[in-house]
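Visitor: mind looking at a prediction? Sequence and model below.
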Amino acid sequence: THFGFETVPETEKAKRVYKVFENVAQKYDIMNDAMSLGIHRMWKDTLLHVMHPQPGAQLLDVAGGTGDISFRFLDYIRSQEERQKRRVARSSQTPSWRDISNNYSTQDEPRESRAVVCDINKEMLKVGKQKADSLGVSAGLSWVVGDAEELPFDDDQFDIYTIAFGIRNVTHIDQALQEALRVLKPGGRFMCLEFSKVNNPILSRIYDAYSFQMIPVIGEVIAGDWKSYQYLVESIRKFPNQEEFKGMIEDAGFYCVKYYNLTGGVVALHSGFKL
Ligand code: SAM
């Protein structure tokens, strides 16, 4: 094609992806806002809303980059904890069945919630870690260099596995899905945000025009990097549609696989469980 990426051999893809994110790491957050007009924040908030994690949950955020999903995860859990505290305070005089059952819970000490940000690119992790340190939100976070296709974790470790705008960058998607299944605990949930296929023909034309013509321009203006953003647009075009990807998640061995279209299918949120 005119983009010239079709001929890149698979072994080259990983190298190219690495270069892209190495180049954009410092400007990654600002580029996300610029290119999605801030809408990526809403997609990520929706992921957390659907996930609805509870105190004690252990998250693995693969292709986690600068940590957006993990920050939101810990933030969400903190607000859940606040709500629980308020409920207990309110009911201290007349305890509800819920407080009583909490007191008799089999778990003595509630586990601390944790989020592990795992990414193949140490530059992206470095930017994320600096952000966490400067915002004072490093507690509960860890940053691990690792490949989605060969995760550096033991089996059955996590309650939730997320991969946001990462899976289309992976060379062997089936291998990454196998690894997700392996590291999740039984009952654990796989959740993926990824650009997908717009069904509405009018929205589709606007989106095509915007992404093909504007995104590389914004990439050049803000990050001085046309090619990386050309790659981005091309990789979105090549990624399987909602139903195909759902089938791949099922083939990997997940159950109750479903998806939600966000912004008319510009992005899809896929979810499945390990049983
Ligand atoms: N999840 C973050 C977010 O939503 O803002 C970052 C998404 S960014 C578009 C994609 C990330 O995938 C990059 O940080 C890149 O380094 C990472 N990545 C690409 N291939 C990977 C692989 N095989 N294993 C782990 N991470 C990978």
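Guide: Sure, I can see it.
Visitor: grab the longest helix from the chain for me.
Guide: When every helix of the chain is counted residue by residue (DSSP state H), the longest turns out to be helix 68-90.
Visitor: does the ligand have contacts with that helix?
Guide: Yes - part of helix 68-90 sits close enough to the ligand to count as contact by Cβ under 6 Å from any ligand atom, namely 68-69. C-betas here are computed from N, CA, C, even on glycine.
Visitor: now the closest residue to the ligand within the stretch 1-150 of the chain: phi and psi?
Guide: At 2.7 Å from the ligand, Gly65 is the closest residue in the stretch 1-150 of the chain, using Cβ to the nearest ligand atom. Backbone geometry at Gly65, expressed as degrees, to the nearest 10, gives phi 60, psi -120.
Visitor: not counting its neighbours along the chain, what's nearest it?
Guide: Met124 (4.5 Å; Cβ to Cβ, 6 or more residues apart in numbering).
Visitor: now the residue sitting nearest the centre point of the chain, nearest residue through space, not along the chain?
Guide: A centroid search over the chain (Cα atoms, centre = their mean) returns Ala164, at 2.5 Å, as the residue closest to the centre. Closest residue to Ala164 apart from its sequence neighbours, by Cβ to Cβ, 6+ apart: Leu193 at 4.2 Å.
Visitor: next, the one you found: secondary structure please.
Guide: For Leu193, the secondary-structure state derived from DSSP: H, G, I helix; E, B strand; the rest coil is strand.
Visitor: I figured it hits Met42, correct?
Guide: No - under the criterion of Cβ atoms under 8 Å, Leu193 is not in contact with Met42, lying 11.2 Å apart.
Visitor: more neighbours, those two?
Guide: Per other Cβ atoms under 10 Å, whichever of Leu193 and Met42 has more neighbours is Leu193, with 23 against 13.
Visitor: circling back: tilt between the strand or helix carrying the residue nearest to Gly65 and helix 68-90?
Guide: Secondary structure from DSSP states H and E places Met124 in helix 122-135. For helix 122-135 against helix 68-90, the angle between stretch directions is 30 degrees (axes from the mean of the first three to the mean of the last three Cα atoms, to 10 degrees).
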